[in-house]
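A.B. asks: Build me a structure from this.
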Amino acid sequence: MLVIPAIDLIQGRCVRLYQGDYDKKTLYEADPVVQALEFGKAGFTRLHVVDLEGARSGSGENRQVIRRLVEATDMPVQVGGGIRNEEDVLELLDWGVRYLVLGTVALEQPELMASWVTRWSSSPFVISLDLRQKKLQSQGWSRSSEVGLAEILDRIVGWEIPQVICTDVERDGTLEQPNYQTYEDLLSRLPSGVKLIAAGGVSRPQHISQLKKLGVAGAVVGKALYEGGISWEEMINAG
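C.D. replies: Model prediction:
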C-alpha cells in the first residue's frame, strides 16, 4: 500500500489547512523543494502536491514552485489544484508530473475531461472526490457540487480512470482518524480495478494498517508528518 506524503502550497510555502478552511492554515518553514527531498530520502515512493490557491482560483499560482519540486525529486509526483484547461495539462506533463489530480473539471466539465482522456488516455489522471457532509466539493473545497456521488462514479467508470483519491474534508488536517465507512462504501461501488487513495485524518500507523485491510490502495498523509510526532518510517512500514 502506498503511503504518500503531501505538500500543500500557498504563496510558495508549505501549509496545512484545517478542515479545508483557508482562514485556518498552518505555515511551515520548510522550503517545498527541500521538504520533497527529505520525503524521498526517508523512503516514500510518491509525492502528493496541491496548489491550494490554484484549486480555489483556477490560476495555477504556485506552478513554478511545482516545476522546481518535480525537477528536484526522483519520486513520481501527483499534482492537483488549478488544472482547468489543456494548456495546464500539457505544461505539467511536460515538466514530468506523473499524475494529474482533477476534481473541479471532472465535476463541472465532463465533456472536457472526456476529451483529455481521448487525447492522453486515462493513465495520467486521478479523479479527486472531496466530500464534506457527504456532498462533493469543487473550486478548492469552496463550493458544493450539484453532481451526486453516483453520477461521478459512473463518469469514472466510463472514462476508465485507474485511480481515485477521496478526501474527507471534515477530517483533513485534524489529526483524527479517517472516515473508514466512506472508503468501505466507495470500494463497494468502484470496479475492482480502480485503486482508491484515502486522504483526511490519516495520522497514525494503525490508520494506514486499517485502510490496507479494507482494500484501500494508498493513503495521503499531511499534517501528521509535519507535527504529529510520528516516525516517518513507521508510517511507511504500516503500508
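A.B. asks: residues in contact with the residue nearest to L2 when sequence neighbours are not counted?
C.D. replies: Nearest residue to L2, sequence neighbours excluded (C-beta to C-beta, 6 or more residues apart in numbering): G218, at 3.6 Å. C-betas here are computed from N, CA, C, even on glycine. Going by C-beta atoms under 8 Å, 6 or more residues apart in numbering, G218 touches M1, L2, V3, I4, R46, I165, K195, L196, I197, A198, G239.
A.B. asks: how does it look with 7 Å?
C.D. replies: Neighbouring residues of G218 by C-beta atoms under 7 Å, 6 or more residues apart in numbering: M1, L2, I4, K195, I197.
A.B. asks: Now do the strands in this protein.
C.D. replies: Chain-ordered strands for the chain, with DSSP state E as the definition, fall at 2-10, 13-18, 21-27, 47-51, 77-80, 99-102, 125-132, 135-138, 143-144, 163-168, 195-199, 218-221.
A.B. asks: of the contacts of G218, buried ones?
C.D. replies: If you count burial by 16 or more other C-beta atoms under 10 Å, the buried members of these come out as M1, L2, I4, K195, I197.
A.B. asks: closest to K223 among those residues?
C.D. replies: I4 (13.7 Å; C-beta to C-beta).
A.B. asks: ok, which pair from the contacts of G218 is furthest apart?
C.D. replies: With C-beta to C-beta as the measure, no two of those lie farther apart than I4 and K195, at 11.7 Å.
A.B. asks: Any idea which helix or strand in the protein has the lowest mean pLDDT?
C.D. replies: strand 21-27 (a mean of 62; mean pLDDT, DSSP states H and E).
A.B. asks: Can you get me a residue count around R13?
C.D. replies: As a burial measure, R13 scores 17 neighbours (other C-beta atoms under 10 Å).
A.B. asks: Could you measure from it over to V147?
C.D. replies: The gap separating R13 from V147 is 32 Å, by C-beta to C-beta, to the nearest Å.
A.B. asks: Also N237?
C.D. replies: On the measure of C-beta to C-beta, N237 and V147 end up 38 Å apart.
A.B. asks: Now do the contacts for the residue nearest to V3 when sequence neighbours are not counted.
C.D. replies: Once flanking residues are discounted, V3 sits nearest to G239: 4.3 Å by C-beta to C-beta, 6+ apart. Contacts here follow C-beta under 7 Å, 6+ apart; on that basis G239 touches M1, L2, V3, I208, K212.
A.B. asks: hang on, isn't the last one packed against V3?
C.D. replies: No - because the distance of 9.7 Å does not satisfy C-beta atoms under 7 Å, K212 is recorded as not touching V3.
A.B. asks: out of these two, which sits in the busier spot?
C.D. replies: Taking neighbours as other C-beta under 10 Å, K212 and V3 compare with V3 leading, 24 against 16.
A.B. asks: Specify the beta-bridge partners of the more buried one.
C.D. replies: Following DSSP bridges, V3 is listed with bridge partners A219.
A.B. asks: That one and L186: what is the separation?
C.D. replies: 19 Å.
A.B. asks: With L9 instead?
C.D. replies: For L9, the distance to L186 (C-beta to C-beta) stands at 27 Å.
A.B. asks: likewise A42?
C.D. replies: Applying C-beta to C-beta to A42 and L186 gives a distance of 29 Å.
A.B. asks: Looking at the two now, which is surrounded by more residues?
C.D. replies: L186 (20 against 14).
A.B. asks: so that one makes contact with C166?
C.D. replies: Yes - with contact defined as C-beta under 7 Å, L186 reaches C166; the gap is 5.9 Å.
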